[in-house]
Structures are given as structure tokens and as C-alpha cells.
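Peer 1: return atomic coordinates for the entry below.
(4 chains)
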Amino acid sequence: MAKRPAYSNLVKTMRESKFLFTGELEPKKMVDLSSILHSAEEMKKTGKITAANVTDGPQGDAYTCSMVPCHLVQEKVGLETIWQMTVRDRNRIALFGDILGGSILGLRNLLALTGDHSALGDNKNARPVYDLDSTQLIDLVSKMVDDGTDLEGNEIEGGKIEMNVGCAANPNSNPREPEILKVGRKVEVGADFIQTQTSFDIDDAKEFLKELEKFNVPVLLGLFPIKNYGIAWYFNENIPGVSVPKDLLAALKTAKKQYKEDKKKRNEAIDKINIDFFEPFIKEIQKTTKAAGIHCMAVHYERLFEPLLKNF
Amino acid sequence: MGFLCNWCSYAGADLAGVSRIQYPTNIRIIRVMCSGRVDPTFVVDAFLHGIDGVLVLGCHLGDCHYITGNYEAEIKMSSLSKLLNIVKFSDRMQLDWVSAAEGNRFAQIVSEFTKHIQELGPSPIKENKTKTQCIDDLEAVKSVLESSRLRGLIARQRDLVTEKNVYGNQIPAEKFENLLNDAIYNEFVRHKIVIKIKEIGKSVPDIANEIGIKAKEVLEHIVVLRSRGLVDVHEINEEIPTFISIRGG
Amino acid sequence: MKKVGSVLVVGGGIAGMQASMDMADSGYKVYLVESTMSIGGVMSQLDKTFPTNDCAICILAPKLVATGRHENITLLINTTLEKITGKAGNFTVDLKQQSLFLDQETCTGCGVCAQECPVEAIDFFNEGLSKRSAISVKFPQAVPLVFSIDQDLCIGCGFCKGVCKAKAIDYTLEDKKTTLNVGALILAPGFDEYDPEPTQHYGFGKYPNVVTSIQFERILSASGPHSGLILRPSDGIIPKKIAFLQCVGSRDKRHGGEYCSSVCCMYTAKEAVIAKEHMPIVQPTIFSMDIRACGKDFDKYIERAQEEYGVNYIRSRISSIKEIPESNNLILNYESEDGKIANETFNLVVLAVGALPNQSTKELAKTLKIDLNEENFCKTKPFSPVETSREGIYVCGMFSEPKDIPETVVEASAAAGAVNVLLSEVRNTLIEEKVLPKEIDNIGKPPRIGVFVCHCGINIAGVVDVPAVVDYASRLSDVIYAERNLYTCSADTQSNIKEKIKEFNLNRVIVASCTPRTHEPLFQATIREAGLNKYLFDLANIRDQCSWVHMHEPKEATEKAMDLVRMAVAKARKLVPLQEQQVSVIHKGMVIGGGVAGMTAALNLADQGFEVFLIEKSDKLGGISNKIYQTIENYDVQELIVDLIKRVNDHKLVNVFLNAKINSIGGYVCNFTTNIVFGKDKQKKEFQHGIIIVATGANEYVPKDGEFLYGKTDKVILQSELEKVLFTDSEKIKGLKTIVMIQCVGSRNEENPYCSRMCCSEAIKNAIKAKEINPELNIIVLFRDIRTYGFKEKYYNIAREKGIVFLRFDNKFLPEITQNETQFSVDVATSRGDKITINADLVALSAGIVSDREGNETLAKMLKVPTNNEKFFLEAHVKLRPSDFATDGIFLCGTARGCATISESIAQALSAASRATTILSKDILVTEGVISKVDPALCISCNRCADVCNYGAVGVKYEQGLMISEVNPLLCKGCGDCAAECPAGAITMSHFGNFQIEPMIAEAARVEFGNGRPRIIAFLCNWCSYAGADLAGVSRYQYPPNVRTIRVMCSGGISKSFILQAFLEGADGVFVGGCHIGDCHYIAGNHDALRRTLEIESDLESIGINPDRFMRKWVSASEGKIFSDTMTEFVEKIKKLGPLESGFKKSIEIVK
Amino acid sequence: MIITQQKNIEEIYDMVKQYSKILVAGCDGCCQPPRSINEAKVLAQMLELKARSEGKELKWKAITVLRQCDDRIAATTVRPFIEQYDAIVSLSCGLGIVMMNRIFDNILTFPAQNSMFGGAENNAENTFAEYCETCGECLLGVTGGVCPMAGCAKNLSNGPCGGTVTGKCEVGGYTHECAWVKIYERLKKFNRLDLFTKYRPPRNYRNWSSPRFIEINKSYTNEEEPKKEEK
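Peer 2: All right, here's what the predicted structure looks like:
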């Protein structure tokens, strides 16, 4: 399918096959977005972050919507954002309306996600929508961008909108082939770029990237620097299929024990552990794979960007 | 106390009266038609009521108005004395024959017996030291004598040993004797056990040393008492089961 | 000389009973001669039986009753055999019956005489642990239930005659001599236990706390002297530490016999397990040399005993026992495994006494002129295990060799099989078909009920006011006639009942007397003789479950008796006549498998004149036995096989099909239809036949992927390969110096957790043969247990005398074979802990037997029969029906059932053939009337009935395209499980249908007299809990009179609505009783009862009923005491809760 | 079959508390789980006991209907009993309850069961499993006979989502199998993965939202042609 023009700076840089980084902002149940803006500032300051994802109700929790923070970050901080949108909470009419609104506000990147089931979130009894699925959302965006119509072919006044759309992929899924076939489906329907979920296993990640190459669509490999031992333990216990490497886990545990009282020393130690683990990881990915870059999900952990990415 | 058969010993006592032959006042006499009528339980009851000595008088063998009455009495009293011997009461009971003509023999027997009892002293049932033990024993003897097994054996002893049994032949006397002795001893021990564990459950070894017989024997009796529905398991603490009497069939 | 169509069976133990039943069912008149007062033999003394821990009485009593009342069997108790003349087919036998001093016909077994008898003597049934009187019955469930006077104990006091109301006692009765003319004899006199008393062996007789295993069996038994409490004879305390000593009187030249008694290892393990179950504080220790657990699932039993029950095994023989006088404890000193002398103190010592020939057998052998072997057992040959030295006289059970109950039952049927061939032409000649009058048709007529209330001497009348009950009964509606009789079961009352039926034209009969389990068939037969259908009868149990258990509450007992009669009358109103199903039998049989077992079975049937189809999947007959040359007793096996093959091929009635594959088997007992493809050119054949015998055999275990380097070097061969060399090419042996044999290869391991039974004797036979060929050869046998049971022990001794070395190794470190250029050796860690390396020239692996897994699997599916997890076929009952399948008409023999030697396979083959003859010998097979029926109009084809039926007797007929459920009357056993399960109420269980049980529930709940509160309704299953309640009666265990019992065939037949109906009718408490899980007579009825009662229990709270008002408990037939305790405790609990209504709000107002 | 679960007894009792004579009707339509006359009788007995424990008297009769969702069958079976009873408790699924209330409008029919889903017995796991969602646009043809609507918590047409791990669905703690992984395995077996990768456009939810009617064209009166439906 002929490539869609790169409306967003992110896709443009990707197509210049420059190794780039994206961060992640997670607006929780909040009215005052200053912390989000502050994190965006930090990312912008490193100069290495091309864009930052803004989550939309992660784990099915009812958090602040992603459109407004995206707009504010782009306006106030000048950092391009990747607008994450799930099909869980809105039917196709609402999705269409929001995408139009977003494009008016200048949002140029959209990540089409299915979204975690409401049963996993903090409003378990909510009725999930899932009118469209993530692939059909990409189809909707393609129709809006390429044909300037909605799903039923009704024209948008003022013609097409300018937006690039990406999709997610899970390197930890087992069996793997359905995941690859699914990404194939999404690319066929018009996905411009791929951002993968987090991976801790370097060989597994490399193999996954290898298999995605045949779709020749830029791929950002997801990494998840770990802010403290609690998160690492949670990851290991509750998300089967994803396992934090033993030594990383142990190191975090000893760090937590050693610097029980001194918070500052503890953070330094943890940062060092993360850097020691992720920097070689990223170097290897950069060197040996065709990945377009790294999607670094250092959520509320923006202080790591600077030291981590200093020699990239 | 004295049980006198109407035809001979009572008449003998009257003759002593008519001939003004004196004898001690301690005796109280009950007239029965024949010495065979004296049920061994009467004697035990007497002791239970505190009587110090019991005299049973009947006609001389062969004179009995009812021909074999005194033979029966002889058998009953010999079994009774075996039982009383166990509880050390046998020398407080005496069986003797007085014909209607023997007034002085009657008086002589009474006075000798009274002297003999005085030497023995009052019945142990009166001292509270041996009171409960004594009552238990006598109660046991009484229930043994009331058991159908003993009554049957005692009742048929004579004609089985002297005349003939249902198969038409006699049972050798000593065969019957040790059958009877076993029966008396066993039934007595069994009833003693039943009385011992009336209120509170006891284990076999405890019963054994309370009654003073081997535990092995007590267990055999417990098995018989359980099959008769007189005794049942009370409780099992650790590895010692205790048994208690139940209002049996 | 004309043959006579009758058989004399000597000995009424389990062997005699089984042989008599088989003969009687195959059309012969049977005279069963029993020397003691009742049939049942030693098995009746056992508490539980291994390996299933079934309660012995639970599985024996039904057989006792069936033998007792079989119309072709005449019981001659207290009778011995005096003289015999004539020859096979026509013997004349003189018998002498010692006088019982009472008339066997009139005595009703009420037992009043025993209570009055003043004489006390040792009770031999309880092995001297309790007392009996001069007039006694052998055991509570004796058949015939007849008392007798022991001549030398009785003092002739005449009391018993005085109290006997049946006027049965007559002191003048002489010994009776009778002469019988019979066609054949079957000897099953059983055995005596070795008596250690004369020699005070191990202190028996001197120390009170040394008991024999049979005494311990009585101590364990719930109907024994201590009603299941384990008490030491010396002081009645529960022995914490019990020692079991094996091989007392066995494997010992000086005491008892040199042979092994085969059963002690297993019954000791069972006694240890059951002791632990009764009293968890007990710690059993077993001192044994070998553990000979070589039957089916025996090894698993031993492992469970060790792991789950903590039974501790010490491998050593006791040198001496000393007693500590004060505590009567016993000090055992023994040489432990690693050679040190150790001693340990125990509270109780149980001697596992071996089996000696019955002391009467010596002159029995003389009178019968049959040979005994040197151990004074009956002499038999391995290939004809049931034939004695005299033609026409057969032997089975312990008399020929010490053996276990399943082998005894097999040999009993095998003996019957042999007689079948001898007397097949005079079959059915001496059987008088009972001519029954035509049944009066009274369908639709109003019920006219007759009630007969029994005094049973004073057993009932002593407590229950019988005249009041009769008067009450006469005033019930539909009761036309009511009377009381002294003994309703006596012969004169039977004829009186028949007259009354005619006189008052009664069409229903109720008898209020004792337990239906023993007397219902008697009364049913009587009313049938009066022309009434036998199912128009019901029995109220006012003795065992009323007068005997409420002796101190005569008023309440009388009221309960009236209630029970009213309940029976309520059911009687709804009784309907039931016709037994009749199916014509095809007199042909199919035998699957052409090994030794298959051929023997086929020949037996063919010799009786039945056509047989012999199906063999390979291209030649002989099966696994082709590899065997000689038995351990040096009998030539190849010669046997050649002879069998010749006789099979020559026999005109045996059709042999080689290379045959079975495509399908349809139909059911009496007419199966099978089609097969056979021969090289795949010809098709379809044929009909009446029965199937499965004899598919098994395979030799082949060591896998280099196990013990097998297949990697020619120096490692199998025992069967060594045998081939020894018997066909013995030169090779001459050159060898050392042979090592390794036992238990492929047996007693994870994959095959069982002993293959024959490898020890195979190995020893080969070793002896090798020594004969090359005397300098040194042979080392590495073993875990040498299991040469029975007379094979002799050859174990011969082997050791010949210098063959036996070395024991432990299962944890198996021997390893190392092979390199220079050296070929076997390293083994012996149990003493040291490691030994043996340089060998040859290693022989004793490979065991494994089932033909997928062959059995496919056949099992076709026949719808179960297999165990080692894929051997699963027989109907491990102990008492080893040759049958649960499904009727299919029988089992040979190694398809489990490992067996050749002679055992031959016995099993004859047994299966005899079991099959019980069907083939009939023209019409009549089935029980009490079965389920499906009303096609109501069936919603949900197939839940098939899920609960364990016999495949009911279910939706999908294959025939008929989407409605249907009951196969031939397979239905009448448990009622499907009727309770059927959602649409389409299935009714005849005789126990809802419309018959519900009126009983209503009457049971009705409190008519005084305040009968609290009122408990108990649903009890006929085989275990009802039998347990009866035993509580027989043993006079008292419990409160508030319980009203309703008998159902199986706890699985109790539907949820019965329980709720009971509460609705006002019962204050409901009790459901059933067999222990695994004991169920219908295999798994109690599992469904458990499911349904759990569902009810969870809802009780929410419908306003306190769950404590409902109780479910499994009670076995020997747990009389437990039943009475449970009832007492349940009534107390309900008393505290008060009447059901008290839990409800007061005002009952109708809301409009 | 419509799989149902019996309501707990208090809830059923509260519905019929004020009636003194009730008719309890079983239904033999889809016989798993069984709800025929036997279950009706047991339920009635429990209600009567509950009533007795509250001091009330409750008369009842248990019957069963071949299929309560068939108006003619229900009508003819139940009509003879209607007069003597104040209310009906029916063990059938929702369809039966609605139909009984429609054909007998002068008596209320109360449900004893919660209708759960269209499904059948899954013997392997001893459960009743949901196999069809009656979504009006059947995908079973392209998913190898595994329904993504009934089997997938998010009713995806182009699954699987990111939430599957080792073939198990995130909803319910990774215990149930992910429908789309099963679809993948089934199609792979018949090597029809082409069906798997084909993109399925957004669904027409009109067919899946009630109330839904389907025209039964019993007879034609050729006066008016059926109007063409504009596409």
C-alpha cells in the first residue's frame, strides 16, 4: 500500500531512519496537569525524545483523557505527542468525533489500541464498548486521512485530515504467529508505525523485530525502566509471559534493602542499575536490528532519560 | 434370726416351750411350711438388714412332711454357704435338723449358735469401716442368687445328680460340683463388677485390683457382661478404655 | 452303569458354597455336607478381607442366604461321610448326621434357649475369647439359622426344652444315617490353622498377650467379643505397640509344614491396616522374611500400608520372646537386617499361623481312597489342578494347597466345570421344576390385605404387645384379615397363610416379623404357591429393628410396631404384580484368545455339547505359554500345548478362527451377535452366541532402551530365552562359569506396580535345571522378595541345597551391569549396605508379565467392561466373583485378568467355563422382577440415567437412532439410581417406586400414639446400613424407639424429594444410611447419594430447617454398634432441637 | 440450549410469598441443565417448607411442559390448571416466562431460574460453556467454528488483543482460553490461515441490539409488492 505522507514530525524522522526515542506520559485521575507538563519538559530538555505517548485509561482505569494533555504538551512544551486511543470506551461515532477534534488541535500521531478490559480496571462493573476493534479503528483513521470520509463514506467538510496512525504489537505473546499475522492485518489496513509492548529479553526482542521487518513499517521497541522493586515484583507476579530477569530483580531488591532509610542514595543506586541494564540493551538493538527506535516507557521516571540517553 | 419348718423344728421349738427349756432371747423365729421353702435370698436379706446370725432348721432327712423338702434345703444352703464363704459370712449361718420331739436339742442348738455368734461379734455391716464393702458384697451375692442361671442349677442339682437327666443318665456328682462352683464364683465376680462400675466408669486393671482378681479374668467377665447388655464402654482416654454398667436387658 | 445327575459337596466353606451354587445353577441336584453347625467356613470368622478391605460378612452373607434357600441344594449340617462305593458317575455314599437334639425344620433360630442354658463353655467361633452355652448357634448370620446341643457340654437339665415355644427340642433324637446315590463328589473340607499351643511356640498359651492371627481377627471384628475395640487379653488395655510374627507354622520343618501358607503375608498386612484404622494410636510392626504379596493390587496394598498407615516392616525372624511379668508386655529379640542383635518391647504379639491340612482329611482320604501328598494335602497335578487321584472325585480350595480366597473360588467353579463334563448327559434329570399354580389376575381389583404378626417365641412378644398390634392392624382400611402366630416362618404357619389367602381371597400379604433380608424370599415363595404374584408382599421388621432394640420401652416398642405395620400396609395398597423377564438362551459360546486358558475353556464347553467359536488374533494357538518348556514341578508344557491344540482342532464343536479380528460385538447375555474378519484372506463371519469368555492373555515384558543393557549385548538374555537354551541346546551351558539372575525386571516399579507372580518360580526352575546340566556352575539370584508361595517353597529349599546363592537388593539401588572389553560384571548394593561386584558370563533377566494394553482397551470398549489402570481386565468382585464381569454373560480367565501360573490359568479357564455353563445349561434365562422401567412418553432423552447406571443397563439408544431411553431387563440390577435421577420422572423403579415409598413416608411421619416426638425417618440401603441395623438387633444394642426405617435397595435410589417429603410430612429428623464408599453392592450408588444429600444439606438452612436435623452416615453390615450409637446420638441432637414445628413461626394462617 | 441457573430459594419465595396456591411448571425444551417435573417438585417442596417455617400454608402442583416457549404447547398443557392456582413459578428460561405471561395474561408467571447464555455441556471441564451469542452476523464460517463473540471478552472481529498470554485471556486471571488463539490453532490445522489474516470490517450492530423482529411471510396477498429496501 503506497505510504501515506508523513504528517507528523515523528513519522518524518522515522522515515529518515534516524534512531529515535519516544517517552510515555500517564495522566492519572488528575485535574492539574502540571506534573505531566513537567515530565514533558524533562524529556524535551534531553533533546533525544522525538515524541511522547499519552496513555488513554491504562489497565482499564478511569484516568484523565489523553486528548487534552497531548494538546497542552504540544502547545506549552513543544514536544510532539503520540495520542493513544482505545476502542474500549467510545463507539465509532465518538471515535470519529474525537479524531476530528484532535486533528483540529494539531495532534498528528494516533496509536490505535484495543485497550485493557474494564473488568481489570478500577470500575470493574463498567460496560465496555468495543464497537470497533483496534484494526477497525486504523481503518477508520485511514478513511478519514486518505478518503476524507467516515466509515459509511459520508464526506468531511474541508476534505481530509492530516494524521498518522500506529498500532501496538506484543513481543511476549505465545504462540507468536497470530500476533505477527495480526500486525500484518493492521499494516494492510493502513498503520504507519508500530510501537511494541515492553520486553526484557534481548534475544526474544531481536527475533520479534526480525519477523516484523517484512511489513517494512518503522517499529519502536518498548522498554520499561523499573523505578522501584515493588513495580518489578508486580510485573513478575501478575503479568504471566513477562518475566523480569532474575539478576535485575535481585539487584533492585538488594538496593531497596541497603538504602532502606536514605531515599536519595537509593534512587541513585536504582538509576545506576537501570542504566547498566538498559544502555547496552539499547545499543545492541540499535546495532543489530532495523528498529526505528526505542519507546522508553519511563512513566513518572523522567529523571532517567538524561543519564540513560546521554551517549545516543 | 431363725427359719423353722412348720412340721418338725417349729414343733420342736413348741415342745421346748411346753417343757420350759430355757434358751437365749436373741433369736426371732419365722415359721415356714418346709425348710425347702427358705430361699437363700431370705438369708442374705437378713444379713443386709443387720442380722448377726441366721439359723435354718428343718426335719431330719427322710422325715420331711414333703419328702424331699429338706434335701432341697440342704443343696440350697450348701450353695449359699459357698457364696457366703467368699464374703466371709458363711460362719454366721447354720443349717440343722430338729424333729418335733427334740425340744431340748432345739434349745441347745439355739444357745450354742447364739454363743457362737456373740464370739464372732456384731455383723461387719454395722461398723461403718467395712459397711460399704459389706453391702456391695451382699448385694452381689443377692443378685447372683436371683440370677436364672444359678437358680436353675441349684434347683435341678438334686435330680440331675441323684436321679436322671433328660438323656436318662446321671451326671457324675463332682462334674456337677465344679460346674456349680464355677458358676457361683463367676456369677458372683460378675455381679460384683456390675455393682463396682454402677456410677463411675473404671478400667479393667482398676477393677482387677479393686476386686482383687487377675485383670485377664476381669476382661473375660466384661466380655460376658457386654454380651448380656449389662455393661458397655464408658469412654476411651489415651489407650485405657473404661466400662460402666448400663440398665441391661 | 447309569450316571446320576447329582453331586455331593463335602465342606460348606466359601469353596463348597461356590461349587454347590455353580452345580445347582447348571442343573444338578446338590447335597452340601457340612461337619459343623453352619456353612460359611473360616471366612465367616474374618473381619475384613484384603485387598479391598471389604467387610467379610457383607460379601459372604448374600451368598450364605442364596446357598441356604437354593431349591436344588440340600444342606446336611453336622454330617460326616462314612463310606463310599461305586465309581465316577454313580457313587453310593453313607452319611452320618450327629444328632442336634432338635428338629432342624421347626427350629426358627430365635435363640431364647441359649439365654436360659446354665452351662458356659468356650466359644470356638470367637477363638476362645468369649463364652457360649451348651445350646448355641455358630454365629449370628449362620445359615441354616438353627441351634444345636453340644452333647459333651450339656448336663441335660431340660431348661431349653422348657422355654422353646417352637417345640423343636427333642433329647431323644438319635444320630441319623442316610445313604445317597450321587454322580460325583467335590471335596472342599478347608483347613485348620496351625495350633502353637501344644509346643508353646513363641510363648503362646504361656503368655496371655501372645495371640494367633485368627484370634486377632475376632478381636478386630465389630461382631467379635470386644465389638471392634482392640483390647489385650491380659488387662483389656489397647495395645499401643503390636508385633506381627510371620511364618509361624509355615516354612519351618519343626513346626507345622515346610511349605508356605500363601495368605499370611497379606492377611497380616490387612490386620495391621485395620487395627490402625480402628485405633490410630496403634503402631504395628511386622517381622517377616519375604513379603509374599503376589496377587492383583497386593503390592499397592503393602505400599499403602507402609506409607499411609505407618506399618513398619522388619526383615528378620524372631529368635525368642520373654514376658515382663508385671506388665505382661513382651520383649522380642531378633537379628536385624544389618546383622546386629536387637530387642524391642511390645504390648501384644500376633502370630501369623499357617494353614495345616484339616485333621479330618487323613481318614477322609482313607474312606474315599484318594492319595495325599507328603504334606497330607490332597495330591493333584499342575495341569489338572482340581482332579484327585480317583476319577469322579474332585477337589478345590485349601484341601489341595494353601491358597487365597479368589483362587479358592476359582477352583470351586473349576471343580464344578469338571463335573459338568462328567455328568453333562444326565443334566437336569434330578431337578424337579416346582409346579406353581397360575397367578390369579388381580390387576385393578381393590386391595384385600392380610396381616400376619409374629410372636417369634418371646423375641417379639416379650416386648411388643402382639395382640394389640393385630387388633390395630385389623382396624386399618383395606386390611381384610389379621392374625398373630407363634412363629410365622414355621412350616405349619406357611400352609396356614396359604389357606387364609384362599379363604379371604386376599391379594396382598403383610408379615410383621424379622428381617426381610433373610425371610422375605421364604414368604414370597409361599404366597406364590398360593397363586399370588410374589411381589404383592411386604415385611415389617418388628424384631431386629424394634423389639430387640427397644427392650426397656415396651409401650413405645408396641407403638413403633403398629407404625411399622401401618407403613407396610400403606405400601401394600400400592404394590403391583411384576413379571420376571424371560429370554431364550443360544447354547453357543465364544472364547476370545487361543492360549492355554482359551483352549481349556473352549474344550470344557465343547465336551458338554455346546458349540464354541474360538477367536485367536495371531496365526497360532498356545499364546505366551509357547515360550515355556517345563513347570517347576517338571511337567512338560510343550506336550500339554500340543495335546490341547490337537484336541481343539479335532473337536467337531470347536470352530477355530486364526488371524481373527473382531469388528463388533452387539446384543447382550443369551444372544450376542459378533462379526469377525479372519484368515489370511480376510474372510468375514457373523455368528450368534449366548456367552463370551475373555482369555486374551498378556505379553512378556520386554526391557526398554537398554534397560540392564538388554539388546546391547548377547550376554544379557531374558529368563524365557535362557529356558529355551536349557531345554533345547544345553551344550551352551556347559561352557559357562557364572550366571547371574535379576528378579522383578519390569515388575513392582512405577510403570507396572504389581508382582508378576510366576518369575520367582521360573528363575528357580531354570537355576535348578542349569545346575543339573553343569554342576560346577555358580548361580547368583539377585532378588527383592522370593515369592515361591504354596508348595513351590520346596523348590526354593532344593535350590539353596544345590548351592544356588540368593542375594537380596533394595529397590532404591538397582543392580547395574558394566560391560567393557575386559570385564562383564554386575554391581549390586546388598541390603546389608555393602557393595559387591560379580563377574558373570551370562545375566538372565526375570521379565514379568504386562497386559496387552491397547488390545484390552479396544476389546473393553466393545464389551463395555472396565479395565484397571494397568489395563488388565477388572473382574466383578476381586474376592468372590473372580471369573465374572459385572456385566452378565461375559466371563474372564487367564493372564487377561492378572498374572498367573499355567496351572492357575487352567483352573481359571475351567472356572469361567463353569460360570458360563450356569447360563448355557438353561433354555430360558429368568431375570429378577425388581428392575426399572422407562415410560417412553415422558422421556426427554437427556441421558442422565446412563450417567448414573454402572451396568450400562439404561440410557438413550443413540446408535439405534431411537432418541428415547430404554432399560435392558437382563442387565438391570434393580438399584433404583436412575429412577431417583430422572428429571422427567419417566423412570419408575418397580416395587420401590415413588408412588409406593411416598405413602410409607407419610405414615412413618404420622405420630399416632402418645407423643412419639421426636420422630426420625431413616432411609437405609438393603445391603449395608439395613444389615448393620439388623446386626444391632441381633447383638441387642439398644437405641431410642423414635426411628422409623424405610428400606430401599440402594442409597443411590433415595431421591431428593423423598427427603423433603419426609420433612413436609412432619418428621423432626431425617437420616440417610448407605454402604461405605467402595463397598456399594451396585459399585457406585452411594456416590450419587452423597451428591444429592450434599445438595439438600446446602439448601436446608435457607428453607428454614436447621441442617442438624439431617444426617448421612455410611454404616457397614458388621457395624451394629456404630449404628445404635449413631441413632442414640442423632435422637439426642434432635431432642435438643425440639419438634420441627417449634422452629417455625406460631400462627398457621391462610393468606388470601 | 439456553443454560440457566436456579435462583436461590429466598428470592423465589419472596416472589410468591403472598400466594397460597401456586403451580410449579418444569420445561423439557432444552434438557441441560434438567428442569423437568422432578426439579419442579423438589422446588415446590422447598417452597412449602419455607412457607411452613414462616407460619403460612402453601398448596402447589408440579407439572412439566414439553416446551414453554411454544405458545400452543404451553397453552394446551397449562390451561387445565390455571383456575385453581393464584400464580405460576416456572423453571424454564426467560423465553418460557415471557411466553407464559403473554398467553396467560390473568395470572403472573415468575422465573425460578436466571437465564445465563446459549451454550452446552463441556464435559472436559465439567462446565456449561457459552458457545453462541446470537449476534445476528455469524462469523463461525471464517473462524473455524469457534465464536469470537461468545468466547472473547472484548467481542473482537480481528483478534487476538494484546492481553492474551500463553493462549489464555487476561479477563478472569488467565484461566480461560483466548478464543482467537483457538481460532488460530483451528484454522492452522486446516491450513486456512488466510481466513485468519483477512480483515473483517466493523460489524452491523443493528442485528445485535434488541428488540429484534424477523418477518414471517406466511401468506401473500398480491395487492402490494414488498417495498425494495434502499441499500
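
Peer 1: could you pull out the strands for chain D?
Peer 2: Ranges of strands in chain D, per DSSP state E, are D:2-6, D:21-27, D:59-65, D:87-90, D:109-111, D:113-122, D:127-132.

Peer 1: give me the residue at the spatial middle of chain C.
Peer 2: In chain C, the residue lying closest to the centroid (Cα atoms, centre = their mean) is residue C:880, at 3.3 Å.

Peer 1: which residues touch that one?
Peer 2: By Cβ atoms under 8 Å, 6 or more residues apart in numbering or on different chains, the contact set of residue C:880 is C:14, C:18, C:59, C:60, C:63, C:405, C:409. C-beta here means a position set from N, CA and C on the backbone, and glycine is covered the same way.

Peer 1: wouldn't the first one be in contact with residue C:43 here?
Peer 2: Spelled out, it's residue C:14. Yes - between residue C:14 and residue C:43 a contact is recorded at 4.8 Å, counting by Cβ atoms under 8 Å.

Peer 1: shared neighbours of these two, which are they?
Peer 2: Common neighbours of residue C:14 and residue C:43 (Cβ under 8 Å, 6+ apart) are C:60, C:405.

Peer 1: which parts of stretch D:156-170 are buried?
Peer 2: D:156-165, D:167-170 (16 or more other Cβ atoms under 10 Å in any protein chain shown).

Peer 1: nearest approach to residue C:497 belongs to which of the strands of chain D?
Peer 2: Set against residue C:497 and scored by Cβ to Cβ, the strands of chain D come closest in strand D:59-65, at 40.5 Å.

Peer 1: can you list the strands of chain D in TSV and add distance to residue A:231 and mean neighbour count?
Peer 2: Formatted as TSV, those follow (distance: least, Cβ to Cβ, whole Å; neighbours: other Cβ atoms under 10 Å in any protein chain shown):
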stretch	distance to residue A:231	mean neighbour count
strand D:2-6	40	18
strand D:21-27	53	25
strand D:59-65	59	20
strand D:87-90	53	23
strand D:109-111	48	21
strand D:113-122	38	16
strand D:127-132	36	16
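
Peer 1: skipping adjacent residues, who's closest to the closest residue to chain C within chain D in space?
Peer 2: In chain D, the residue that lies nearest chain C is residue D:53 (2.6 Å; Cβ to the nearest Cβ). Excluding the flanking residues, the one nearest residue D:53 by Cβ to Cβ, 6 or more residues apart in numbering or on different chains is residue C:1104, at 2.6 Å.

Peer 1: with residue A:123 instead?
Peer 2: Nearest one to residue A:123, counting by Cβ to Cβ, 6+ apart, is residue A:62 at 5.4 Å.

Peer 1: okay, which residue of chain B is out on the far edge from center?
Peer 2: residue B:238 (40.5 Å).

Peer 1: surely residue D:93 and residue D:4 touch.
Peer 2: Yes - contact criterion Cβ under 8 Å: residue D:93 and residue D:4 qualify, at 5.1 Å.

Peer 1: need the residues touching each of these two.
Peer 2: Residues touching both residue D:93 and residue D:4 by Cβ under 8 Å, 6+ apart: D:113, D:115.

Peer 1: bridging residues for the residue of the stretch 451-600 of chain C found nearest chain A?
Peer 2: The nearest approach of the stretch 451-600 of chain C to chain A comes at residue C:592, 45.8 Å away (Cβ to the nearest Cβ). Note on residue C:592: beta-bridge partners residue C:615, residue C:694, judged by DSSP bridges.

Peer 1: distance of residue C:1019 relative to residue C:1110?
Peer 2: For residue C:1019, the distance to residue C:1110 equals 11 Å [Cβ to Cβ, to the nearest Å].

Peer 1: domain parsing of chain C, as residue ranges.
Peer 2: C:1-98+C:175-190+C:358-433, C:99-174, C:192-354, C:447-580, C:588-696+C:852-882, C:700-850, C:931-989, C:992-1152 (automatic domain parsing).

Peer 1: before we move on, the earlier item: how about the residue farthest from the centre of chain B: what's its closest non-neighbour residue?
Peer 2: residue C:281 (7.4 Å).

Peer 1: what about residue D:79, neighbour count?
Peer 2: 11 (other Cβ atoms under 10 Å in any protein chain shown).

Peer 1: show me what contacts it?
Peer 2: residue D:104.

Peer 1: next one: it, what pLDDT does it get?
Peer 2: At residue D:79, the model reports a pLDDT of 91.

Peer 1: again, but for residue C:869
Peer 2: Looking at residue C:869, the pLDDT reads 80.

Peer 1: so it: helix, strand or coil?
Peer 2: coil (DSSP: H, G, I helix; E, B strand; the rest coil).

Peer 1: closest to residue C:487 out of the buried residues of stretch D:156-170?
Peer 2: The closest of the buried residues of stretch D:156-170, once distances to residue C:487 are taken by Cβ to Cβ, is residue D:168, at 73.2 Å.

Peer 1: for that closest one, which non-adjacent residue is closest in space?
Peer 2: That would be residue D:174: by Cβ to Cβ, 6+ apart, it lies 4.0 Å from residue D:168.

Peer 1: equivalent analysis for residue A:306, please.
Peer 2: residue A:46 (5.0 Å).

Peer 1: export stretch B:146-155 as PDB, just CAs?
Peer 2: Extracted as PDB, the C-alpha positions of stretch B:146-155 are listed here (Å, rounded to 0.1, in the frame of the first residue of the first chain):
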ATOM      1  CA  GLU B 146     -31.500 -64.200  91.900                       C
ATOM      2  CA  SER B 147     -29.900 -64.900  88.500                       C
ATOM      3  CA  SER B 148     -31.800 -67.500  86.500                       C
ATOM      4  CA  ARG B 149     -28.600 -69.400  85.800                       C
ATOM      5  CA  LEU B 150     -27.800 -70.200  89.500                       C
ATOM      6  CA  ARG B 151     -31.400 -70.800  90.500                       C
ATOM      7  CA  GLY B 152     -31.700 -73.300  87.600                       C
ATOM      8  CA  LEU B 153     -28.600 -75.200  88.600                       C
ATOM      9  CA  ILE B 154     -29.400 -75.200  92.300                       C
ATOM     10  CA  ALA B 155     -33.000 -76.300  91.600                       C
END
